[in-house]
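Novice: Pasting the sequence and the predicted model now:
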Amino acid sequence: MADIIDGKAFAEGLRARVATVAADFEAQAGRKAGLAVVLVGEDPASQVYVRSKGKQTVACGMASFEYRLPVETPEAELLALVEKLNCDPAVDGILVQLPLPSHINEQKVIATINPDKDVDGFHVVNVGRLATGLPGFVPCTPLGCLMLLKDKLGSLSGFEAVVVGRSNIVGKPMAQMLIAESCTVTVAHSRTKDLPAVVRRADIVVVAVGRAEMVKGDWLKPGATVIDVGMNRIPAAEDGKTKLVGDVDFASASEVAGAITPVPGGVGPMTIAVLLRNTIVSAHRAAGLELDESVL
Ligand SMILES: Nc1nc2c(c(=O)[nH]1)N[C@@H](CN(C=O)c1ccc(C(=O)N[C@@H](CCC(=O)O)C(=O)O)cc1)CN2
């Protein structure tokens, strides 16, 4: 049976390290680091994530600024709020919760965030910085995956990695980060021919496709490390309830893999912990204070 990679425990440790660094920051800068989170509308899952972000920000000793706007908020009003936050010296990180209502252009909103406060790492400037190896911000979910991989495997140099999924938020940045770690990287997607054969080559498999339990155990090289980014709600056995599953069929995959992240409790909790990490990094840069990022 595979080792279970406990993302919940790793995220707890990361938050504790962020809290220590945040206390040092406050002592040196004379202010708390600050994160602004903007939610438009009342999507139930987004409300839960935004509430958790606020609570965890405060628990780490940082200031949380939360903006909840009605679903019918005009795009121009949201852009004006982002511009105001760009100029606010108490705000080190800005995050606009996705998805946005359909009348708002997501790309336009992301492009309006100051890249140096873009703790989500979605702005094209940060995408370019990641692609060219310059310091910036990288998206929280793939950075969380990378931290779990390095914790499990140490150096990733020379490993064959397959990323299944090519989204801007997970698949593409994940591939860039694995290239930077000297992996040999393949990005597979819905049009990939013979996907099981491609996945079977990999020492490291990262799956982010949004299809419940798609990757089966017999697709895997024995001993592979499997990172499941999927979060899919499917009907539970009988009682009309639902359960959360990943993009990997955990039962069969855990019989073949060397190590695997569960869903829930794997990659998910890392997303918010890494957001807090990015925020404290941003605060140091804004204040011109040195930070040894390897302590985080
Ligand atoms: N601006 C952004 N929007 C969104 C992001 C993001 O990184 N930036 N990511 C997701 C949602 N998300 C945070 O915003 C997020 C998703 C999942 C989890 C998590 O802890 N999941 C748990 C299970 C939770 C459950 O039971 O429903 C787990 O996997 O264990 C945290 C944050 C989309 N939007």
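Specialist: In hand now; what should we look at?
Novice: Which strand or helix spans the residue nearest to C145 when sequence neighbours are not counted?
Specialist: Leaving aside its sequence neighbours, C145 sits nearest to I227 (Cβ to Cβ, 6 or more residues apart in numbering; 4.8 Å). All C-beta spots, glycine's among them, are computed from the backbone N, C-alpha and C. Using DSSP states H and E, I227 maps to strand 225-228.
Novice: any idea how far that strand is from the chain center?
Specialist: 15 Å (Cα atoms, centre = their mean, to the nearest Å).
Novice: Say whether the ligand is contacted by it.
Specialist: No - using Cβ under 6 Å from any ligand atom, strand 225-228 never reaches the ligand; the gap is at least 9.2 Å.
Novice: helices or strands up against that strand?
Specialist: Using 3 or more Cβ pairs under 8 Å, 6 or more residues apart in numbering; DSSP states H and E, the elements in contact with strand 225-228 are helix 140-153, strand 204-207, strand 259-260.
Novice: Could you say which one of these comes nearest to the ligand?
Specialist: helix 140-153 (4.8 Å; Cβ to the nearest ligand atom).
Novice: got the contact list for the closest one?
Specialist: 3, 5, 7, 10-11, 14, 119-121, 156, 159, 169-170, 173-174, 177-178, 181, 204, 206, 208, 225, 227, 229, 259, 261, 266-267, 270-275, 277-278 (Cβ atoms under 8 Å, 6 or more residues apart in numbering).
Novice: Select only the buried ones of these in ChimeraX?
Specialist: Buried members of the contacts of helix 140-153 can be picked out in ChimeraX with the line below, counting by 16 or more other Cβ atoms under 10 Å:
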select :5,7,10,11,14,119,120,121,156,159,169,170,173,174,177,178,181,204,206,208,225,227,229,259,261,266,267,270,271,272,273,274,275,277,278
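Novice: Any idea what the residue nearest to C145 is bridged to?
Specialist: V206 (DSSP bridges).
Novice: Quick check: residues of this protein near the ligand?
Specialist: So far as Cβ under 6 Å from any ligand atom goes, the chain lies against the ligand at 49, 95-98, 120, 140-141, 231, 244, 263-265, 268-269, 271-272.
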